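Visitor: Predicted coordinates and the sequence they were generated for:
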Amino acid sequence: MSDVLLDVRDLVVEFPTRKGLVQAVSGVTFELRRGETLALVGESGCGKSTTARAVMQLPRPTSGQIVLDGDDLVAAGKRDLRRMRRRFQMIFQNPIASLNPRKRISEIIEKPLKIAGLLDAEKRRQAVEELLETVGLDPAVAMDKRPHEFSGGQCQRISIARALILEPDLLICDEPVSALDVSIQAQILNLLEDMKQRYDLTMLFISHDLAVVRNVADRVAVMYLGRFCEVGSSEMLFDSPAHPYTRALLSAIPVPDPTVTPKPIEMIQGDLPSPISPPSGCRFRTRCPVASERCAAEVPAMRELPDGRAIACHHPLIGA
Amino acid sequence: MSRPLLELTNVSTHFHSPAGRVRAVDGVSVSLEAGQTLGLVGESGSGKSVLARTIMGLLPSYAEIPKGGAITFDGQNLLTMDRKARRAISGPGIGMIFQDPMTSLNPVMKIGQQVYEGMRHHFGTSKATGRQRAIELLTEVGIPQPDVRVDQYPHQLSGGMRQRVAIAIALACEPKLLIADEPTTALDVTVQSGILDLLQREQRDRGMTLILITHDLGVVAGRCDKVAVMYAGGIVETGSTRSLFARTRMRYTQALLDSIPRLDRPPHERLKSIGGRPPNLITPPPGCRFAPRCAFADAQCEAAMPPMQADEADPAHSFACWHPRDPEQVTEEVA
């Protein structure tokens, strides 16, 4: 069994619009090792959710390879893909909208088993009850209710149960706690951590909140306008960012400590350039405080630094 | 400053719903001196936005403000004023900006017009002067090419730019008090700091009083003089920002601080979450509203609502708790 569970190569996702083709993801390459959590971070519109959805084949990417444990999902036919889907599941940002309001909780969680044609009705019910208990809901109370009778945090627990009932290898979490209050957010993050241990999950975790990412991730990939800027261990990126954009993101986080005066963010203020006509060369150069002429002329290639991280920058902040 | 610009005494806001009376805000008292910044912090449903709307007079028809409370702004009680007088205060007296700049701006009206609409209404400013003033304000809030933007519509701007326009609108009538209700929640963190910097600068330059409503304790920590923490319709702890963070007394405030993931903590560290969820505000618990979720609660907490009491070291810092945390004792929180 290989150490790598998910291998994504040269992933490109394009969407047609009236103004032309938008390349939401422009050639992204990464690996997910078994048992690790990789976080994708970046501002809205950077392509992090699109990358996650492309892995889910929702919709299918324009080009590239996505290999899950030896099977190429992009090349797979419909029937094969459906069979493979048992192995990768997803939870979404809005827990209430991602549950069918007309179905009972028992039906919602049981559905993946039914689609996969696994177990008989009695066994399925048992599995649902056990899983509800595991995610911290009382099956006796929850089974016959519908989503609107639950709070956001409880709905996210239900979504997690639905994603885990097929015992997938890979769990993709797209901003799973962004819509929740801080006190509930901590409950869900702890639950995800427990589930990861219990089910030996590998996770792809999408978030714009770097403090949350710091808590859950082993490795972090920073994305900007459809491309990766920097990929490395969580300690490395947080303690000594090498890409100017990583540093900018970190400098923008408000610190819950009144003795720390907010510092100006280390980035040129302005809007995210349009992904329809992204800047030439390095896409971050229009907002980068250290950009040079070379950055406009030449696309920085992803390269590995001596400390093991990968970075796409002509003027890295360390180890240049 | 001796006399506060804004003083709330025992203010409540209830909503009539088919299931009963919802006590969204219940007996809130807080005061704010001119030129200060107050951070109003709480989770969803704690009543912070309803409190802001109560001060602004922007409540729906099914809301009721029970008698016995007062909102004194600049010496006048807003709650006993007639509608016309109240309306004259919105704008030059109190301005407000909202969470979602896409829905708070009028999509079919040019940006410039939205900026000077208030000036025309309150001061009878001419269109030409208004437009000129709008361009100045757009420049001030950091909008590039203000002379072009002034004739554009909201959909032609990004979220951060729209929020800057909303700030320009609120500043147009030069309010004494500005209420910013989650002004950066819908924005990216890189845009957030720019908007918060702008609010802080305007507050200083204009000597304006600012209420910053947020769920993010990180936002208030660096930018507010004073903080009030709300839970289930009431203020449970208030004081200077420094004192509230350094000498946290109320158990809920501490639990909230403990549950935030932090950049300086190692990965995969178990977060201290708060079990359960906030109470139903139609039939709130008789005692402390946090008691059902509090690790330190006992029979007294369940029986009686704790009154606000002053911190021994700092009388401006007060909290409502029967078993307050000992601020000198650090070990129990680290364990």
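Guide: Looks like it came in fine.

Visitor: what about the residue of chain A most remote from its centre, helix or strand, and which?
Guide: Distance to the chain centre peaks in chain A at A:Glu122, reaching 34.5 Å (criterion: CA atoms, centre = their mean). Per DSSP states H and E, A:Glu122 falls inside helix A:121-134.

Visitor: List the contacts of that helix.
Guide: With contacts defined as CB atoms under 8 Å, 6 or more residues apart in numbering or on different chains, helix A:121-134 is touched by A:105-106, A:109-110, A:113-114, A:118-119, A:138-139, A:142-143, A:161, A:164-165, A:195, A:198. Just so you know, the C-beta spots here come from the backbone N, C-alpha and C atoms, and that holds for glycine as well.

Visitor: residues in contact with the residue nearest the centre of chain A?
Guide: Centroid check for chain A by CA atoms, centre = their mean gives A:Ile206 as the closest residue, at 2.6 Å. By CB under 8 Å, 6+ apart, A:Ile206 lies in contact with A:Ala39, A:Leu40, A:Val41, A:Lys48, A:Ser49, A:Thr51, A:Ala52, A:Ile172, A:Cys173, A:Asp174, A:Glu175.

Visitor: Tell me what the third one is bridged to.
Guide: When bridges are assigned using DSSP bridges, the partners listed for A:Val41 are A:Ser207, A:Val222.

Visitor: per-residue confidence for it?
Guide: For A:Val41, the pLDDT comes out at 96.

Visitor: How about the fifth one?
Guide: A:Ser49 is assigned 93 on the pLDDT scale.

Visitor: which is the next helix or strand following the helix or strand harbouring it?
Guide: Per DSSP H and E, A:Ser49 falls inside helix A:48-55. Using DSSP H and E, the helix or strand that directly follows helix A:48-55 along the chain is strand A:63-68.

Visitor: and the angle from that next one to helix A:48-55?
Guide: 70 degrees (axes from the mean of the first three to the mean of the last three CA atoms, to 10 degrees).

Visitor: Now do strand A:63-68: distance to the chain's middle.
Guide: 16 Å (CA atoms, centre = their mean, to the nearest Å).

Visitor: buried sites along it?
Guide: A:Gly64, A:Ile66, A:Val67, A:Leu68 (16 or more other CB atoms under 10 Å in any protein chain shown).

Visitor: try stretch B:58-77
Guide: B:Ala63, B:Ile65, B:Gly69, B:Ile71, B:Thr72, B:Phe73.

Visitor: which residues touch A:Leu317?
Guide: A:Ser240, A:Pro241, A:Ala242, A:His243, A:Pro244, A:Arg247, A:Val290.

Visitor: quick one on the thing from earlier: among the buried residues of stretch B:58-77, which are in strands?
Guide: In strands, judged by DSSP state E, the following of those are found: B:Ala63, B:Ile71, B:Thr72, B:Phe73.

Visitor: Which two among those residues are spaced furthest apart?
Guide: B:Ala63 and B:Thr72 (20.0 Å; CB to CB).

Visitor: Can you tell me which residues in the stretch 1-150 of chain A are near chain B?
Guide: A:Glu43, A:Ser44 (CB under 8 Å from any CB of the partner chain).

Visitor: before we move on, back to that, mind checking how far the residue farthest from the centre of chain A is from A:Glu129?
Guide: 11 Å (CB to CB, to the nearest Å).

Visitor: just B:Leu105 next, same as before
Guide: 49 Å.

Visitor: So the two - more neighbours on which side?
Guide: Higher neighbour count among B:Leu105 and A:Glu129: B:Leu105, with 20 against 17, using other CB atoms under 10 Å in any protein chain shown.

Visitor: Grab the nearest non-local neighbour of the residue in the stretch 201-320 of chain A positioned nearest to chain B.
Guide: For the stretch 201-320 of chain A, the nearest residue to chain B under the criterion CB to the nearest CB is A:Pro254, separated by 3.3 Å. Counting by CB to CB, 6 or more residues apart in numbering or on different chains, A:Pro254 lies nearest to B:Gly218, which is 3.3 Å off, once chain neighbours are set aside.

Visitor: Spell out which residues sit in contact with that neighbour, please.
Guide: A:Ile253, A:Pro254, A:Val255, A:Pro256, B:Ile260.

Visitor: quick one: which of the residues you listed is most hemmed in?
Guide: A:Pro254 (22 neighbours).

Visitor: Read off the pLDDT value for that one.
Guide: 89.

Visitor: Strands along the chain, start to end?
Guide: Unless you meant another one, I'm taking chain A. A:4-17, A:20-33, A:37-41, A:63-68, A:71-72, A:88-91, A:170-174, A:202-207, A:219-224, A:227-233, A:303-304, A:310-311.

Visitor: Wait, chain B was what I had in mind.
Guide: So, for chain B - with DSSP E - the strands run B:6-17, B:20-32, B:37-41, B:63-64, B:70-73, B:76-77, B:94-97, B:177-181, B:209-214, B:226-231, B:234-240, B:308-310, B:318-320.

Visitor: Now do B:Leu51: how many residues are near it, please.
Guide: When neighbours are counted by other CB under 10 Å, B:Leu51 comes out with 29.

Visitor: ok, the nearest residue to it once chain neighbours are set aside - contacts?
Guide: What sits nearest to B:Leu51 in space, not counting adjacent residues and going by CB to CB, 6+ apart, is B:Val25, at 5.1 Å. By CB under 8 Å, 6+ apart, the residues touching B:Val25 are B:Val11, B:Ser12, B:Thr13, B:Gly47, B:Val50, B:Leu51, B:Thr54, B:Gly233, B:Gly234.

Visitor: If we ignore the residues flanking it in sequence, what's nearest the last one?
Guide: Here the nearest residue to B:Gly234 in space, its sequence neighbours aside, is B:Asp26; by CB to CB, 6+ apart that works out to 5.3 Å.

Visitor: Isn't that neighbour up against B:Val11?
Guide: No: using CB atoms under 8 Å, B:Asp26 makes no contact with B:Val11, being 9.0 Å away.

Visitor: For the stretch 201-335 of chain B, which segments are assigned as helices?
Guide: B:217-223, B:241-246, B:251-259, B:299-303, B:331-334 (DSSP state H, counting those that start in this stretch).

Visitor: List the residues that contact the nearest residue to A:Leu11 once chain neighbours are set aside.
Guide: In space, and not counting its chain neighbours, A:Leu11 is closest to A:Gly64: 3.7 Å by CB to CB, 6+ apart. A:Gly64 makes contact with A:Val8, A:Arg9, A:Asp10, A:Leu11, A:Val12, A:Gly27, A:Val28, A:Ala54, A:Val74, according to CB under 8 Å, 6+ apart.

Visitor: Next: B:Met208.
Guide: B:Gly35, B:Pro175, B:Lys176, B:Leu177, B:Leu178, B:Glu202.

Visitor: The same query, at a cut-off of 10 Å, please.
Guide: B:5, B:34-37, B:95, B:170-171, B:174-178, B:199, B:202 (CB atoms under 10 Å, 6 or more residues apart in numbering or on different chains).

Visitor: just the buried members of these?
Guide: Here, 16+ other CB under 10 Å leaves B:5, B:35-37, B:95, B:170-171, B:175-178, B:199, B:202 buried among the contacts of B:Met208.

Visitor: Dump those into CSV; add pLDDT and distance to chain A as well.
Guide: Shown next, in CSV, are these (pLDDT from 0 to 100; distance: CB to the nearest CB, whole Å):
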residue, pLDDT, distance to chain A
B:Leu5, 96, 23
B:Gly35, 95, 18
B:Gln36, 95, 15
B:Thr37, 96, 12
B:Gly95, 95, 23
B:Ala170, 95, 20
B:Leu171, 95, 19
B:Pro175, 96, 24
B:Lys176, 96, 25
B:Leu177, 97, 23
B:Leu178, 97, 19
B:Leu199, 94, 12
B:Glu202, 93, 16
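
Visitor: what are the ranges of the helices in the stretch 201-320 of chain A?
Guide: According to DSSP H, counting those that start in this stretch, the helices that the stretch 201-320 of chain A contains are A:210-216, A:234-239, A:244-251, A:293-297.
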